[in-house]
Each structure stands twice: as C-alpha cells, then as structure tokens.
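Visitor: Structural data only, the sequence is not supplied:
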C-alpha cells in the first residue's frame with residue numbers, strides 16, 4: 001500500500017499542486033515523531049514505515065462475514081514494512097518485519113491504561129497496542145538503526161477500497177492456494193484479484209507450513225503486482241482516474257503531519273522512473289524461528305549479523321538485490337526444452353516462419369524445424385494455440401513471444417502451435433525458474449521476478 005500510494009501520486013509530477021491541492025486534507029493525521037530523542041542519523045533517500053492494522057472495529061458485521069474477519073480487534077499491527085526510496089528515486093526497497101519478531105520496547109506510557117512501563121520484551125506487533133504509532137516508530141528505529149522519515153498506516157477496508165479503485169491486481173500462482181480461515185481458494189494459474197479476494201490473499205497464513213513468513217512473501221508479490229498495475233494501466237496518465245485513486249488511498253490512511261501536498265508533488269516528480277524491475281523486496285533475516293520468551297510465547301529472533309548488514313545497506317542507500325543485466329532472460333515456469341512447438345507463417349512475408357522457428361530453437365524450445373504456411377495468411381498478431389492441459393507450457397512459450405495472444409484449443413495435444421503474425425519482432429530469451437537458485441542477500445527479489453510473465 002505504501003508503494004501503491006507513492007505510485008498513485010506519480011502523475012502529480014506533471015500536474016503539480018493544481019492536481020493534488022486539497023487531497024491531503026483527507027488524510028487523518030498522527031504525530032509519531034513528537035518528543036523523540038536520540039534518533040538514528042539520517043542517511044540518503046527516504047524511509048517510510050508502513051503499518052497495516054486489523055481495523056476490525058471499523059467493519060460492519062456483514063463485511064466481517066464476507067471477508068472472514070471474525071474475532072475481536074487486537075489494536076495491533078498486522079503488517080510492518082520499511083519502504084526505502086533511493087535518493088535518486090530510481091529504486092524502491094521494501095523490507096518486511098515479521099509481526100512476531102522478538103522486540104524490546106523502550107520505557108513508555110501505555111496508551112490504553114496510562115500506566116508507565118519500563119523497557120520490556122514483546123512481539124513487535126504489540127508496540128502499536130501499547131503505545132500506538134509513536135512507540136512503533138521508536139521500536140523499529142531502535143531495532144534497525146534506520147531513521148524513519150514518514151509514517152503511513154492503513155487498515156483492512158482501506159486496502160480493499162484502494163485495490164478496487166485501481167481495477168484489481170493480476171496474481172499468478174503455480175499451485176493451488178487454499179486457506180479455510182480466510183476463505184482463500186485459488187486454483188493454480190493467473191487471477192485478477194479485486195478488493196475482498198485480494199485481502200484474503202495477503203492475509204492468508206495457513207496456506208502452507210511457511211505460516212507468517214509465507215504470508216509476507218505473498219504480500220511482497222502483491223505489492224510488486226500493484227506497482228505493475230499502477231504503471232501499466234494508464235492510471236498515472238489520466239487526471240480523472242489519478243484523482244480518484246489518490247482520493248481513495250489518501251482518504252483512508254493515517255500519516256504523519258508532514259506528509260502533505262509538497263511531499264506528494266516532490267515524490268511524484270522524483271519517481272517517474274520507478275517500475276517493477278526497480279523495486280526490490282526482502283524479509284529481515286531470521287536466526288531462530290521458535291525463540292521462546294516467558295510470558296510472551298514463541299517469537300522470531302532476528303539473525304543479528306545478517307540483519308545489521310541488511311539495514312546498513314539500506315542506510316547507505318545501496319541496492320539490496322544483486323546487480324542484474326538488463327538483458328537477463330525472463331523466468332518461466334516450464335523449461336523451453338520441455339515444450340514442443342510447430343511454427344506456422346500467418347503472413348505473406350517470405351521466410352517469417354523460418355525466422356521464428358530458428359529464434360525459438362535458439363532459446364531452447366523443441367521446434368519441429370519445419371515451419372509451414374498457415375491457412376490464414378493475414379494475421380496481424382502472433383498467436384499461441386495450445387491444449388488447456390498444457391496451459392503452463394503455453395504461458396512459458398508466450399513469454400518468449402512478447403505481445404502474442406494465447407488461444408486454447410481442446411484436444412490439440414502436447415504439441416503447441418505458433419502462428420506468426422505481422423507484429424513479430426524477435427524471440428525473447430527465457431529459462432525456467434530454479435527454486436534452488438541463490439537469491440540476493442536475505443532472499444531479496446525484484447518486482448519483475450515475482451510478477452506474472
């Protein structure tokens with residue numbers, strides 16, 4: 001949501017104050033930095049602390065039933081992320097902090113009881129329950145030594161409204177995702193998730209044995225897909241849609257008092273070049289998964305050495321993910337070597353079939369080596385025809401043919417058919433994603449690695 005908020009104001013770079021004036025008046029204000037002392041030194045770039053709260057006290061009984069949001073509100077944080085925007089505004093780094101992380105709260109006054117507490121250990125999400133935004137910021141800064149510049153807070157319904165206004169988000173999954181607690185039920189494949197279903201996707205933690213860590217990975221993938229939708233849907237170039245998105249997002253968040261019109265305009269001007277490939281996502285390294293603390297229970301203890309290296313990289317305004325060449329091949333689910341292809345020339349251009357066949361073979365696809373002319377020689381757009389039973393192979397093949405159209409043909413069998421159209425330019429390089437392949441430090445991935453091909 002923090003990243004989507006930033007993306008939603010990109011168009012302000014062109015329209016400036018005229019477009020965003022008055023929108024910041026809809027933001028509910030908090031002062032998380034009041035009277036804070038001994039804060040970390042400010043580094044290059046901008047750090048936003050994104051806090052997601054359960055917000056059950058603002059949801060009707062009907063909405064609770066619809067979105068499986070039973071139970072009493074805990075008045076605690078469901079999600080905690082640091083979003084770092086580089087000084088040159090060419091990169092966004094998102095670091096998830098598990099809500100069950102072992103944390104030590106500084107001395108503070110309990111916001112509910114007024115009682116003065118000494119420093120004591122808790123799970124990270126309890127910082128908000130005991131001291132609200134201010135104690136949450138203090139605790140995160142103490143743990144990471146990263147100075148927080150801005151604070152943004154969203155709840156369940158804020159999330160639903162923002163996703164719906166953006167028109168939904170496309171998510172791909174290679175296996176079924178089911179969670180009886182949230183009601184999530186997604187078969188393997190590609191899905192357009194709108195508000196309620198998107199909420200189920202980012203909340204589910206009973207999909208597999210990864211529990212909360214798996215949920216954070218899905219949240220990161222959702223943010224990457226949200227960036228892709230915001231940058232490709234025309235929202236940022238359409239003043240009317242832009243204002244609608246901005247009103248929906250800004251009208252349902254809480255933010256620090258200094259996050260106003262000037263910041264929106266500056267952020268918009270600075271972030272024009274942000275894209276899924278320039279966004280990166282990671283989770284703070286965990287040293288002990290079941291660190292038991294008396295009176296608190298099982299917590300997640302950070303790996304001190306690796307965590308310090310991660311946050312030092314953030315403070316130094318350096319990328320978390322390893323450098324990747326722009327020409328790096330696309331990752332696909334099925335290896336090209338496993339996909340059989342017959343190429344047809346759907347145009348009157350002589351030799352086009354041979355060009356496509358050679359290009360696919362060079363990328364590893366098992367072509368027949370004998371392209372033929374299609375019955376229809378007036379095709380403008382390249383088509384991939386496939387049997388629905390081999391849909392994953394078809395998506396991998398289509399990834400190598402940018403702009404191609406997928407057409408399911410029942411009973412076609414394992415052999416996929418490519419009918420080359422007038423739009424064909426070149427075959428892109430692809431290879432299967434290897435789950436054993438080493439990612440960046442702390443499992444860092446970039447947005448283009450985790451969004452749909």
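Guide: Looks like it arrived, so ask away. Just so it is clear, the model here is predicted, and its values are computed rather than measured.

Visitor: Does residue 132 touch residue 112 like I think?
Guide: No - using CB atoms under 8 Å, residue 132 makes no contact with residue 112, being 9.5 Å away. C-beta coordinates here come from the backbone N, C-alpha and C atoms, glycine included.

Visitor: who touches both of those two?
Guide: When contacts are counted by CB atoms under 8 Å, 6 or more residues apart in numbering, the set common to residue 132 and residue 112 is empty.

Visitor: between these two, who's got more neighbours?
Guide: Taking other CB atoms under 10 Å, residue 132 and residue 112 do not tie; residue 132 has more neighbours (18 against 11).

Visitor: and the more buried one, that's in a strand?
Guide: No - read with DSSP: H, G, I helix; E, B strand; the rest coil, residue 132 is helix and lies in no strand.

Visitor: Name the nearest residue to it, sequence neighbours excluded.
Guide: Closest residue to residue 132 apart from its sequence neighbours, by CB to CB, 6 or more residues apart in numbering: residue 111 at 5.1 Å.

Visitor: The one you found: neighbouring residues, count only.
Guide: Using other CB under 10 Å, residue 111 is surrounded by 16 other residues.

Visitor: So which residues of the stretch 1-150 of the chain form helices?
Guide: Assigned helices in the stretch 1-150 of the chain, in chain order: 2-8, 12-15, 17-20, 61-66, 126-144 (criterion: DSSP state H, counting those that start in this stretch).

Visitor: on that earlier part again, I'd assumed residue 133 was in contact with the residue nearest to residue 132.
Guide: No - assessed by CB under 8 Å, residue 111 is found out of contact with residue 133, at 9.8 Å.

Visitor: I figured residue 333 hits residue 395, correct?
Guide: Yes - contact criterion CB under 8 Å: residue 333 and residue 395 qualify, at 6.8 Å.

Visitor: need the contact list for the spatially closest residue to residue 316 that is not a sequence neighbour.
Guide: Counting by CB to CB, 6+ apart, residue 316 lies nearest to residue 43, which is 6.7 Å off, once chain neighbours are set aside. The contact partners of residue 43, taken as CB under 8 Å, 6+ apart, are 146, 147, 314, 315, 316, 317.

Visitor: Closest one of the residues you listed to residue 402?
Guide: For those, the minimum distance to residue 402 (CB to CB) is 33.1 Å, reached by residue 317.

Visitor: a helix runs through that closest one, doesn't it?
Guide: No - counting by three-state DSSP, residue 317 is not part of a helix but coil.

Visitor: What is the burial count for it?
Guide: Using other CB under 10 Å, residue 317 is surrounded by 17 other residues.

Visitor: That one touches residue 87, doesn't it?
Guide: Yes - judged on CB under 8 Å, residue 317 makes contact with residue 87 at a distance of 5.5 Å.

Visitor: what residues do those two have in common as contacts?
Guide: Listed as contacting both residue 317 and residue 87 by CB under 8 Å, 6+ apart are 44, 45.

Visitor: Residue 80 - how many residues pack around it?
Guide: Residue 80 has 24 nearby residues by other CB under 10 Å.

Visitor: residues contacting it?
Guide: 49, 50, 51, 52, 96, 97, 98, 99, 124, 125, 136, 140.

Visitor: residues touching the fifth one, list them.
Guide: Read that as residue 96. 79, 80, 81, 216, 219, 220, 281, 282, 283, 284.

Visitor: In contact with the fourth one, which residues?
Guide: So the one you mean is residue 216. Contacts of residue 216 (CB under 8 Å, 6+ apart): 96, 98, 283.

Visitor: which stretches of the stretch 201-350 of the chain have low pLDDT?
Guide: For the stretch 201-350 of the chain, applying pLDDT under 70 flags the ranges 208-212, 230-252, 261-276, 322-328.

Visitor: Most distant residue from the centre of this protein?
Guide: residue 350 (43.9 Å; CA atoms, centre = their mean).

Visitor: Phi and psi next, for that one.
Guide: Here is the backbone geometry of residue 350 (degrees, to the nearest 10): phi -60, psi 140.

Visitor: Now residue 140: closest residue in space that isn't a chain neighbour?
Guide: Excluding the flanking residues, the one nearest residue 140 by CB to CB, 6+ apart is residue 49, at 6.1 Å.

Visitor: Where is the longest helix in this protein?
Guide: Looking across the chain with DSSP state H, the single longest helix is helix 211-232.

Visitor: what's across from residue 420 in the sheet?
Guide: Counting by DSSP bridges, residue 420 is bridged to residue 345.

Visitor: Make sure it is actually in contact with residue 344.
Guide: Yes - between residue 420 and residue 344 there is a contact under CB under 8 Å: 6.9 Å.

Visitor: Pick out whichever of residue 333 and residue 395 has more residues nearby.
Guide: More neighbours surround residue 395 than the other of residue 333 and residue 395, with 20 against 15 (other CB under 10 Å).

Visitor: In contact with that one: list those residues for me.
Guide: Counting by CB under 8 Å, 6+ apart, residue 395 touches 190, 332, 333, 334, 406, 453.

Visitor: for those, which one is nearest residue 389?
Guide: Set against residue 389, the nearest of those by CB to CB is residue 334 (12.7 Å).

Visitor: for that closest one, what are its contacts?
Guide: Residue 334 is in contact with 392, 393, 395, 396, 432, counting by CB under 8 Å, 6+ apart.

Visitor: isn't residue 415 right next to residue 341, touching?
Guide: Yes - using CB under 8 Å, residue 415 is in contact with residue 341, at 7.4 Å.

Visitor: how about the strands in the stretch 101-250 of the chain?
Guide: 102-105, 108-109, 116-117, 120-123, 150-154, 169-173, 177-179, 184-186, 189-193 (DSSP state E, counting those that start in this stretch).

Visitor: Out of the ones you listed, which is closest to residue 206?
Guide: Counting by CB to CB, residue 206 lies closest to strand 177-179 out of the strands of the stretch 101-250 of the chain; the figure is 4.7 Å.

Visitor: so what strands line up beside that closest one?
Guide: Strand pairing for strand 177-179, using DSSP bridges, gives strand 184-186 (antiparallel).

Visitor: to the chain's geometric centre, what's the distance from the partner strand?
Guide: Offset of strand 184-186 from its chain centre (CA atoms, centre = their mean, to the nearest Å): 18 Å.

Visitor: now stretch 300-318
Guide: 21 Å.

Visitor: do stretch 197-214 as well
Guide: With CA atoms, centre = their mean, you get 14 Å for stretch 197-214.
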